[in-house]
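Novice: The following block contains a protein sequence and its predicted model.
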Amino acid sequence: MFEKEFERLIEVVEKGVKEPRFEVIGRDTYMDMPDGTTRNMYHNQVYPVCREVNGLDMFCQLINREWPTRESFNMEEDKADVLYVDVRAHNEVVAYTGSFRNDDSDFMNLTLYRATERLMPGVPAGYMDYDTARIKLNACFMDTPDREYVLNLLSNIVKGDQAEVKDNGITQQVKVQTGIQLAGMETIRPIVQLKPYRTFPEIDQPESDFLLRVNNDQVGIFEADGGMWKLHAKARIRAYLEEELGDLIDENKVIVGM
C-alpha cells in the first residue's frame, strides 16, 4: 500500500498537479479537465427557444400578448421590430423575426412560434369494404350533400352474389336496391365534392374533388384535385391570422404571408 502511494506522489511531483480551468467562449462555459478533456458546463441562453403549439388560437394569443412588449423573452424593441408570420403549409405556421445583429455583431433571426396540426384524421385512401367506408365517411368528412349521396349509394348497393358493376372507364353503373325485391342499375357520379378534416380546426375545411370507384364489394375514394386544396387551406389560414392579428398588422408590427 505504501509503495503505491509513494509512486503516486512521485508522479504528481514530476508531472505537476492540474486544477480544472473554466473558459468562456461566446455564450458557452467550458471546463478543461486535468486529463486534457473539455466539458461544456453551461450555455447562456440569451434568446428564447421556439414555442410549439397545436392550434391557431393559441398561436395568435401568444403573439398578441407577447410580441408588443418583448418582455417575456428579454428582447429589446428596437431589434427586429417586425414579426413575420409565414403560412408554410396547410398544417404548419411559423413566426420569426427579421434579421438583426446579436451581441457578437452577427446577423441572425429568431423563430419564436410554430403552430402545427397533426391530430386531424386526414383522408382514407384506397379501396374499403362498404362498412368501413361508411365509418370513414362519418368520422373523417364534414357533412355535405355529396357525402350524403355517397352514404346513400353505399346503403343501396346490392352486395354479394347479386352485385353487378358496369364500367366504361369513365362512369360506372351498379345494381342498387329500389324496393324489397326490385333492383335497378344506377349510374355513379365519378367525381364528388367532399370536405375531409385535414387542416387546422379553426378554419372551414376546404372542399375538393374525389374520384369515387366501386370494385365488387369494395368502394374507393381517391383525391382528384392535384393537391389544390392545400392552397385553399393556406389562403383560409392566412385570412384567419389577418383577422386575429389585425391590430398588430395595422401597427406594422406583424406581417402575414404565405
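Specialist: Received the coordinates, thanks. Residues are numbered from 1 along each chain as shown.
Novice: Nearest spatial neighbour of L112, chain-adjacent residues omitted?
Specialist: Once flanking residues are discounted, L112 sits nearest to A95: 5.5 Å by C-beta to C-beta, 6 or more residues apart in numbering. Just so you know, the C-beta spots here come from the backbone N, C-alpha and C atoms, and that holds for glycine as well.
Novice: Beta-bridge partners for that neighbour, please?
Specialist: V85, Y113 (DSSP bridges).
Novice: Please list all residues in contact with it.
Specialist: With contacts defined as C-beta atoms under 8 Å, 6 or more residues apart in numbering, the neighbours of A95 are F59, I63, L83, Y84, V85, D86, T111, L112, Y113, R114.
Novice: Please indicate which of those residues are buried?
Specialist: Among these, those buried by neighbour count (16 or more other C-beta atoms under 10 Å) are F59, I63, L83, Y84, V85, D86, L112, Y113, R114.
Novice: Is it correct that the first one is in contact with V53?
Specialist: Yes. The pair F59 and V53 qualifies as a contact (C-beta atoms under 8 Å) at a distance of 5.3 Å.
Novice: Export the buried ones among the contacts of A95 to a markdown table and append columns for pLDDT.
Specialist: Below are the buried ones among the contacts of A95 laid out as a markdown table (pLDDT from 0 to 100):
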| residue | pLDDT |
| --- | --- |
| F59 | 97 |
| I63 | 95 |
| L83 | 92 |
| Y84 | 95 |
| V85 | 97 |
| D86 | 97 |
| L112 | 93 |
| Y113 | 95 |
| R114 | 97 |
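Novice: number of nearby residues for E52?
Specialist: Neighbours of E52 under the rule other C-beta atoms under 10 Å: 10.
Novice: ignore the last one, N252
Specialist: If we define neighbours as other C-beta under 10 Å, then N252 has 9 of them.
Novice: same deal with the one 4 residues further on?
Specialist: The local packing count at V256 equals 22, with neighbours defined by other C-beta under 10 Å.
Novice: what residues does the helix or strand that contains D131 touch?
Specialist: Here D131 is covered by helix 130-140, with elements defined by DSSP states H and E. Taking contacts as C-beta under 8 Å, 6+ apart, the residues outside helix 130-140 that touch it are 121-124, 128, 147, 150-151, 154-155, 157, 159, 196-197, 217-219, 221.
Novice: Pull up the distance across stretch 115-123, start to finish.
Specialist: 21 Å (C-alpha to C-alpha, to the nearest Å).
Novice: now it: mean pLDDT?
Specialist: Across stretch 115-123, pLDDT averages out at 87.
Novice: Start at 4, not 1
Specialist: Taking 4 as the first residue, the last one we looked at is stretch 118-126.
Novice: What segments of this protein are helices?
Specialist: If DSSP state H is used as the criterion, the helices of the chain fall at 5-18, 59-69, 133-143, 148-159, 231-247, 249-253.
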